[in-house]
Structure formats: C-alpha cells, structure tokens
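In: Compute the structure for the input listed below.
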Amino acid sequence: MDPNKNMKIKSFSRKHEKRKKHIFRFAILGLILLGIVYQQLGTYYSASSLGRLGRLVEVDDVQMHLYEGGSGEMPIVFTTDIGANVPYVETYPLHSKLAATHPVKVYDKPGYGWSETTSASRDIDTICKEIYTLLHSDEIPDDEDTYIEPFIFVAHGMGSLEVLRYAQLYPEDVAGIVLIEGASPQFCVDFNNIMIIESFLTNGLRNTGILRLFSGTNMVNNTLGTHKDYDPTLQSLNKGIGLEKTWNRNMISEKLKLQENGQKVLDGGNLGDIPIRIITSHANIYSNWARTQRALLSLSSDSEQKYIKGSVDYIQEDDIDAIIKVIEDLTLHIQELKEDS
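Out: Here you go, the predicted model:
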C-alpha cells in the first residue's frame, strides 16, 4: 500500500475524531445552556402561582418575608431546619392549629421561601441580627404599643442554633423555647459535613433545569422535601419554590458554617431560667443523638425533655398533637411564672 495514502487516512481519522469530540462538547454545552434557560423560564412563569402569603421587609438591602396570623395570648415564632425550602409549609401543621389561640409568625431567612438571597455572611450572629430586625420591623420608637411581646420560639432540626443564639443575644424577646428534634450545639460542632457534596450536586441540577425536567418523579419530590401527607396546595407551593431555590448559595453557606456556628452557641453559655422544652424522636439514626439531646437540658435551669415516635426529617401527622401539647403546656407554665413574679 502507498505510504502516502496510509498517512492521509490516519490524518483524516484523527481530524474526524477531533471533530466528533468538538461536536460532543458543543452538544453538552448547548444542553446545559438550554437547561439554564429552561430553569429561568420555569421560575419566571411559575412566579404568579407562588404569590407570597405574608409581607416583605427590607433588612440590610434584602427583602425578607414574614408570615403573620392568628390572635390571642402568647405569640409563637417558628423556624425550620437548614435547607427546608418553605418554612411556612414545613411548620404548617403546627402554626395553622395554634393560630386559633395564639398570634403566630413564620419567617424566611435570606434564600428561603419568599425572601431574596443575600451576599452577607451566614454566620449565626448575622442571621440572628436579620431575624431581630425583621421581627421588630413594626416598632415605633417610644411607642410601647408597637413593641413585640416576648414569644415562644419553636425550631425544628438545625434551626435550633439560631433560636438558642437569638435567646443568648436578645433574651428579653424570648419567653420560652421548644426544640423539635433540635440539633444541640455540640452535635453541630461534631457534625460530619461530607453530605454537603449532595447539596452542591442538587444546586447544580437545579440551576441547569434537570430537577425541573424530572419534577414529576418521586426522586425529585424527595429531594425537594415534598411529603405525600401534605395538602395538595402545600405540595405545589413547596415544589414550586423548591425548584427555584433548593440548596441555593445561602443554604449551602449556612450548612458549611454549621461547626463554627455551633461553637459560637457553645461559647455563649446557658440561657439562665428561660424555659426550654426538648422534643426528641426515638427514630433518629445518629449514634450520638440521645447523648447530645440530653446535653440540651443543661442550657436552662427550667428544662424538660419529651419523646415522640417520628419527626426526624419533617413534622409528621402522628406527632402533631403531642408537639402542640408541649407548646400549650409551656404557655401555661410561662403564664404561671408571670403570676408568681
């Protein structure tokens, strides 16, 4: 065979392979760009069906959302686990019932629910300052009628850190605390954050439209925390906002600061006699969970622990009555303390 012909065939083959690689790269890039456009369009067109349920308050140049409802004595403020897309939905089984006899509030930290994202650090003191500004947004200087009453602060999961730190920084605001499967500061300090990789992956899948493309699957529903026992309206709300915001940069930053924030709460010391009620699940899989839950009792001279069956990842229907009883019993206890003082 002619050597020159052989060389031409090899040269053509190499060029053909390079061309295929270039086409493949451009195809992948094109799909990613299409996915990003699809995600942005989906977010834009679904916005009208995700109208906010509360009001927006500007806090450090960021619009933060606050839902307020109910009436009666002893206000109750709710917060949720890190990464819970829509706190209003996550705590709905509780605040919807308690609103019959109490003023209730549910706030969205930056990056959650209807709040905007922020470029501010996600250290625990910054987070607590934002919450304080939001909760006190209606106050008028020298007008005591506009001042907020001390409230019961209810947290689920790792939302416990902001509740405990808030009580350290602003004890005059907090009448009592209820932690539902609340992570202790020591648990957060010791936490192995290897699963943050999953959060980064979810962020990428959301930004490229892949989550939205497969939004009808059980896998995506589980990723978004859309639980089957939610009311269909709440499911749609949770999924819609989750497809827009799940594991955004604010949530990831907060998770990355978990150890640092836990240490800050540990360094802040105990809460004196602020009543704390700790609700612990028998179902939790962490080996050190029971020990660190008991350690929470030492944070206050007025602390009690109750056990429930579920509520590891979210507030389950079977546990709602038991949790509400703990909150109502704490309300009565606080009222008795006021009468005795």
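
In: Now do the phi/psi pair for the nearest residue to Tyr170 once chain neighbours are set aside.
Out: Once flanking residues are discounted, Tyr170 sits nearest to Tyr132: 5.8 Å by C-beta to C-beta, 6 or more residues apart in numbering. Backbone N, C-alpha and C define where each C-beta goes, glycine included. Dihedral pair for Tyr132: phi -60, psi -50, per degrees, to the nearest 10.

In: List the contacts of Tyr132.
Out: Tyr132 sits next to 166, 169-170, 173 when contact means C-beta atoms under 8 Å, 6 or more residues apart in numbering.

In: Most neighbours of all those residues, which one?
Out: Tyr166 (25 neighbours; other C-beta atoms under 10 Å).

In: Skip the chain neighbours and tell me the closest residue to that one.
Out: Leaving out its chain neighbours, the residue that sits closest to Tyr166 by C-beta to C-beta, 6+ apart is Cys128, at 4.7 Å.

In: Next, the one you found: secondary structure please.
Out: Classification of Cys128 by DSSP: H, G, I helix; E, B strand; the rest coil places it in helix.

In: OK, contacts around it?
Out: Counting by C-beta under 8 Å, 6+ apart, Cys128 has contacts 162, 165-166, 169-170.

In: Pick the one among these closest to Thr202.
Out: Glu162 (22.1 Å; C-beta to C-beta).

In: Please compute how far the host helix or strand of that closest one lies from its chain's middle.
Out: Using DSSP states H and E, Glu162 maps to helix 160-169. Taking C-alpha atoms, centre = their mean, to the nearest Å, the mean C-alpha location of helix 160-169 is offset from the chain mean by 15 Å.

In: Ok, stretch 143-159 next?
Out: So, by C-alpha atoms, centre = their mean, the centroid of stretch 143-159 is 18 Å from its chain's centroid.

In: Can you show me the helices along this structure?
Out: Counting by DSSP state H, the chain has these helices, from start to end: 3-46, 87-90, 92-98, 124-135, 160-169, 185-190, 196-207, 210-213, 218-224, 232-245, 249-256, 258-267, 289-296, 320-340.

In: export these to JSON lines and tack on distance to Phe151 and mean pLDDT?
Out: Shown next, in JSON lines, are the helices of the chain (distance: least, C-beta to C-beta, whole Å; pLDDT from 0 to 100):
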{"stretch": "helix 3-46", "distance to Phe151": "33", "mean pLDDT": "52"}
{"stretch": "helix 87-90", "distance to Phe151": "16", "mean pLDDT": "94"}
{"stretch": "helix 92-98", "distance to Phe151": "12", "mean pLDDT": "96"}
{"stretch": "helix 124-135", "distance to Phe151": "8", "mean pLDDT": "98"}
{"stretch": "helix 160-169", "distance to Phe151": "11", "mean pLDDT": "98"}
{"stretch": "helix 185-190", "distance to Phe151": "22", "mean pLDDT": "94"}
{"stretch": "helix 196-207", "distance to Phe151": "31", "mean pLDDT": "88"}
{"stretch": "helix 210-213", "distance to Phe151": "36", "mean pLDDT": "84"}
{"stretch": "helix 218-224", "distance to Phe151": "29", "mean pLDDT": "82"}
{"stretch": "helix 232-245", "distance to Phe151": "24", "mean pLDDT": "88"}
{"stretch": "helix 249-256", "distance to Phe151": "23", "mean pLDDT": "97"}
{"stretch": "helix 258-267", "distance to Phe151": "19", "mean pLDDT": "98"}
{"stretch": "helix 289-296", "distance to Phe151": "20", "mean pLDDT": "87"}
{"stretch": "helix 320-340", "distance to Phe151": "10", "mean pLDDT": "95"}
